[in-house]
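Undergrad: Return a 3D structure for these sequence lines:
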Amino acid sequence: MDSEQFEQRKKMIAEMVLHNELYVPMKLKEMAILLGIPKGSREELREVLDALVAEGTIGVSKKGKYGKPENTALIGIYTSTRRGFGFVTAEGREKDIFIPASGINGAFHLDKVKAVITEKEHGNHRCEGKIVAVLEHQLKEIVGTYQKSKNYGFVVPDNAKIGCDIFIPAGHSMGAEDGCKVVARINRYGESGKNPEGEVTEIIGHINDPGTDILSVIRAYSLPSAFPEQVMAE
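TA: Alright, predicted model coming up:
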């Protein structure tokens with residue numbers, strides 16, 4: 001089977017799975033019988049299905065049935081890394097799912113997402129997947145260091161797992177100076193490779209000021225910075 005035939009079969013099967021109202025999720029053997037594919041050629045069908053799953057075009061359930069990706073997707077929390085890839089901790093799964101940079105699909109650190117498995121676990125190679133939808137942005141603000149430019153700025157997150165800086169447009173910095181520790185609210189989470197965009201909502205202090213690093217940790221983890229009068233009296 002040459003590359004042109006391979007792509008034609010991919011297109012045909014994707015059309016059947018995604019757009020045929022009569023199609024119900026089925027295993028490879030069932031699909032082969034439906035398409036009239038003899039036993040000797042079923043490995044070619046498997047290669048086509050594997051390619052579609054790897055692209056995230058279709059999904060495969062735990063029982064090995066192929067269907068629409070949104071119907072076979074797992075719901076979980078995405079954790080990003082500075083190196084561009086990330087992981088999804090999915091409900092009902094003991095091990096997390098590795099998400100390469102090409103499969104993040106615009107997800108941000110701690111987003112609630114839908115992910116499909118594109119490559120099953122084998123040997124020392126962990127399960128690999130692709131995010132097909134972002135259900136909820138759970139991280140609303142970040143603590144970081146403000147870097148000032150002439151007409152705009154960036155906040156570099158303190159949390160090393162957040163793999164991108166937050167763009168701060170002109171007029172949204174609260175007058176923060178270069179090197180200030182700040183709290184920034186995220187207004188846009190970034191699309192088409194763009195940085196997330198936000199605004200400074202609190203200036204904690206300059207990075208070199210005594211106590212600023214402690215206050216930054218307090219704000220990052222929402223720890224109390226003041227105590228009730230009764231506690232202070234004790």
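Undergrad: show me what contacts the residue nearest the centre of the chain?
TA: In the chain, the residue lying closest to the centroid (C-alpha atoms, centre = their mean) is Ala107, at 3.4 Å. Taking C-beta atoms under 8 Å, 6 or more residues apart in numbering, we find Ala107 in contact with 78, 80, 86, 99, 113, 131, 134. (C-beta placed from N, C-alpha, C; glycine too.)
Undergrad: Where does pLDDT dip in the protein?
TA: Scanning the chain with the threshold set as pLDDT under 70 gives 1, 192-193, 219-234.
Undergrad: need the longest helix for it.
TA: helix 3-19 (DSSP state H).
Undergrad: Downstream of that one, the next helix or strand is which one?
TA: Heading C-terminal from helix 3-19, the first helix or strand you meet, by DSSP states H and E, is helix 28-35.
Undergrad: looking at it, Gly205 is touching Thr212, isn't it?
TA: Yes: with contact defined as C-beta atoms under 8 Å, Gly205 and Thr212 form a contacting pair (3.9 Å).
Undergrad: which neighbours do these two share?
TA: Jointly contacting Gly205 and Thr212 under the rule C-beta under 8 Å, 6+ apart are Lys181.
Undergrad: Output the contacts of Ala107 in CSV, with distance to Leu52 and neighbour count appended to each entry.
TA: Shown next, in CSV, are the contacts of Ala107 (distance: C-beta to C-beta, whole Å; neighbours: other C-beta atoms under 10 Å):
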residue, distance to Leu52, neighbour count
Tyr78, 23, 24
Ser80, 26, 23
Gly86, 23, 25
Ile99, 18, 25
Val113, 20, 27
Ile131, 17, 23
Val134, 22, 17
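Undergrad: tell me which of those residues is nearest to Asp178?
TA: Using C-beta to C-beta, Ser80 is the member of the contacts of Ala107 that sits closest to Asp178, with 25.7 Å.
Undergrad: before we move on, the earlier item: pull out the buried positions in the longest helix of the chain.
TA: 9-10, 13-14, 16-17 (16 or more other C-beta atoms under 10 Å).
Undergrad: and what of stretch 21-30?
TA: 23, 25-26, 28.
Undergrad: now that stretch: how far from the chain's centre is it?
TA: Computed by C-alpha atoms, centre = their mean, to the nearest Å, the separation of stretch 21-30 from the middle of its chain amounts to 29 Å.
Undergrad: what does that stretch contact?
TA: For stretch 21-30, the surrounding residues in contact (C-beta under 8 Å, 6+ apart) are 16-17, 34, 42, 45-46, 49, 61, 63-67, 71-72.
Undergrad: at 10 Å what do you get?
TA: Contacts to stretch 21-30, defined as C-beta atoms under 10 Å, 6 or more residues apart in numbering, come from residues 15-17, 31-34, 37, 39, 42-43, 45-46, 49-50, 58-61, 63-68, 71-72.
Undergrad: Narrow those to those in helices?
TA: Short answer: the contacts of stretch 21-30 in helices (DSSP H) are 15-17, 31-34, 42-43, 45-46, 49-50, 71-72.
Undergrad: Please pick the buried ones from these.
TA: For these, buried by 16+ other C-beta under 10 Å: 16-17, 31-32, 42, 45, 49, 72.
Undergrad: Just give me the closest of these to Gly163.
TA: Using C-beta to C-beta, those come closest to Gly163 at Thr72, 27.4 Å.
Undergrad: quick one: the closest residue to the closest one other than its chain neighbours and Lys140, what's the gap?
TA: Counting by C-beta to C-beta, 6 or more residues apart in numbering, Gly59 is the residue found nearest to Thr72 once chain neighbours are left out, at 3.1 Å. Separation of Gly59 from Lys140 (C-beta to C-beta, to the nearest Å): 30 Å.
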